[in-house]
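my questions are about this predicted structure, shown below with the sequence.
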Amino acid sequence: MALEEILIIDGYNVINSWPELIKLKEENFEHARLRLIEILSNYSGYKGIKVIIVFDAHQVKGGTERKEYYGNVEVIFSGEGVTADSVIEKLISSIPPKSFKTFVATSDRVEQEMIWGKGAYRMSSRELLLEINKTVKDNEPFLKDCRHKPNRLDSHLSDEVKVVLEKWRRGK
């Protein structure tokens with residue numbers, strides 16, 4: 001039986017590494033966060049994996065740790081005085097390695113070494129972007145096919161069934 005996969009993201013590290021998000025954060029940091037969540041929510045759906053994004057709030061006065069959920073994506077904001085690295089380290093330690101294959105996306109070298117030491121797999125922010133782009137490209141034929149089909153019941157019925165139903169509707 002294949003292990004389930006979990007992908008943990010160092011949110012601000014990725015935002016500060018991807019060209020689209022760097023540009024977006026210069027205009028509005030919140031929009032960059034939401035765009036990252038959107039991208040990873042779609043990726044989670046394509047791959048069927050759980051994604052956890054950790055945003056560092058250790059310098060936010062009075063900030064308390066909180067979690068939000070977007071589909072199969074869990075977003076964690078660390079509390080005041082707590083770095084994203086320490087939240088990620090705790091997460092890795094709490095995930096049973098015999099049940100899950102855990103990946104962590106960060107370009108922070110020190111964090112990568114801690115990840116290896118705890119038995120998780122690491123990928124750089126750039127490698128994650130390449131993987132997401134490849135996954136989206138691989139799914140384009142499926143998405144294109146879905147976009148052209150209206151999501152109505154009658155679009156899934158044969159012409160013969162439509163004729164019979166129309167006769168019933170008109171009382172004939």
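Received it, and whenever you're ready, just let me know what you need.

buried residues in the helix or strand of the chain with the lowest mean pLDDT?
Every helix and strand in the chain was compared by mean pLDDT, DSSP states H and E; the lowest is helix 109-117, with a mean of 72. Going by neighbour count (16 or more other C-beta atoms under 10 Å), the buried part of helix 109-117 is 111-112, 114-115. Where C-beta positions appear, they are placed from N, C-alpha and C, glycine not excepted.

tell me where this structure has helices.
With DSSP state H applied, the chain shows helices at 11-15, 19-27, 29-47, 84-94, 109-117, 125-147, 159-169, listed in chain order.

low-confidence regions, the protein specifically.
Judged by pLDDT under 70, the chain has its weakly predicted residues at 1-3, 58-60, 116-117, 142-155.

and the furthest pair within the buried residues of helix 109-117?
Maximum pairwise distance in the buried residues of helix 109-117, criterion C-beta to C-beta, is 7.3 Å, between 112 and 114.

can you tell me the closest non-neighbouring residue to the residue nearest to the spatial centre of the chain?
Nearest to the mean C-alpha position of the chain, counting by C-alpha atoms, centre = their mean, stands residue 40 at 2.4 Å. If the residues on either side of it in the chain are set aside, residue 40 comes closest to residue 51, at 4.9 Å by C-beta to C-beta, 6 or more residues apart in numbering.
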